[in-house]
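In: For reference, the sequence and a predicted model appear below.
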Amino acid sequence: MNNDGAAIETKGVTIELLATVDLGPEIEGMAGRQLRMRKVTIEPGGVFGPVHDHKGRPGTVYILQGTITDHRDGVATDYGPGVGWPEDRHTVHWLENRGPVPAVEISVDIVKQE
């Protein structure tokens with residue numbers, strides 16, 4: 001739900017899996033987890049929703065192109081090219097591209113293996 005109580009649905013988003021590393025053999029206690037890197041493109045007017053959290057799925061984002069607006073805790077924050085935002089157990093958010101060009105990010109996170 002956004003601040004108006006309306007559901008936020010994903011539209012205009014393309015996700016490309018770039019790489020994964022099985023963390024089980026690398027770090028004790030990480031069996032069943034992997035380090036994942038994805039390229040996410042949000043078209044102008046696109047939305048990456050719904051509102052979601054990152055409990056058990058910490059990560060970080062780097063913006064390659066455009067501007068992504070991160071909505072969390074009732075605050076909208078714009079991120080342009082460069083380091084974006086951390087995604088930790090306290091993160092509850094959704095994203096959008098309010099700009100005129102596609103916004104492209106590299107997202108790296110730790111996830112349960114599928």
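Out: Perfect, I can see it now.
In: wait, isn't residue 8 in contact with residue 50?
Out: Yes - between residue 8 and residue 50 a contact is recorded at 5.0 Å, counting by Cβ atoms under 8 Å. All C-beta spots, glycine's among them, are computed from the backbone N, C-alpha and C.
In: excluding its backbone neighbours, what's nearest residue 103?
Out: Leaving out its chain neighbours, the residue that sits closest to residue 103 by Cβ to Cβ, 6 or more residues apart in numbering is residue 66, at 3.2 Å.
In: was I right about the one you found contacting residue 102?
Out: Yes - look at residue 66 against residue 102 with Cβ under 8 Å: they come within range, at 5.9 Å.
In: Which of residue 8 and residue 50 has more residues huddled nearby?
Out: residue 8 (19 against 12; other Cβ atoms under 10 Å).
In: what helix or strand does the nearest residue to the more buried one once chain neighbours are set aside sit in?
Out: Spatial nearest neighbour of residue 8, excluding adjacent residues (Cβ to Cβ, 6+ apart): residue 49 at 3.4 Å. In the assignment (DSSP states H and E), residue 49 maps to strand 33-53.
In: who touches both of residue 66 and residue 102?
Out: Common neighbours of residue 66 and residue 102, using Cβ atoms under 8 Å, 6 or more residues apart in numbering, are residue 42.
In: Right, I'll call it a day here.
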